[in-house]
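1. return a 3D structure for these sequence lines:
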Amino acid sequence: MGLLSGILGLPLLPVRGVISLGELIRRRVEEEVAAPASIRRELEEAEEKRAAGEISAEEEAAIQQQVLRRLDVSEASEER
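-> Alright, predicted model coming up:
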């Protein structure tokens, strides 16, 4: 980077910082969502709610499908 382009690029540094922070947050959220502990916790919560009568069997199945679908999507994005 030349001196002139460095000086002219100074006003954009805050924007670049925000973009970098956003990308870091996105990656961290994706990792957390795909973490086995997080998936297990969500499935156990659905099972506990079903046992307590808070949700129906269909709702539990829908939650399970949603969690597993999210897992499939995260695994597919990791393969790229």
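
2. can you list the buried residues in whichever strand or helix holds residue 24?
-> Assigned by DSSP states H and E, residue 24 belongs to helix 13-34. Buried residues in helix 13-34, counting neighbours by 16 or more other Cβ atoms under 10 Å, are found at residue 34. Backbone N, C-alpha and C define where each C-beta goes, glycine included.

3. contacting residues around the helix or strand following it?
-> Once the chain leaves helix 13-34, the next helix or strand it forms, by DSSP H and E, is helix 36-52. With Cβ atoms under 8 Å, 6 or more residues apart in numbering as the test, helix 36-52 has contacts from 32, 55, 56, 57, 59, 60, 63, 64, 67, 71.

4. mark which of these are buried, thanks.
-> For the contacts of helix 36-52, buried by 16+ other Cβ under 10 Å: 55, 60, 63, 67.

5. of those residues, closest to residue 17?
-> Distance to residue 17 across the buried ones among the contacts of helix 36-52 (Cβ to Cβ) is lowest for residue 67, with 34.0 Å.

6. got a list of what that closest one touches?
-> Residue 67 neighbours (Cβ under 8 Å, 6+ apart): 39, 42, 43, 46.

7. mind giving me the PyMOL select for these, buried ones only?
-> Buried subset of the contacts of residue 67, written as a PyMOL selection, criterion 16+ other Cβ under 10 Å:
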select buried, resi 39+42+46
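
8. would you check the contacts of residue 67 and say which has the weakest pLDDT?
-> When the contacts of residue 67 are compared on pLDDT, residue 39 comes out lowest, with 88.

9. any idea how far it is from residue 63?
-> Taking Cβ to Cβ, to the nearest Å as the measure, residue 39 falls 11 Å from residue 63.

10. residue closest to the middle of this protein?
-> In the chain, the centroid-proximal residue (Cα atoms, centre = their mean) is residue 30; its distance is 2.8 Å.
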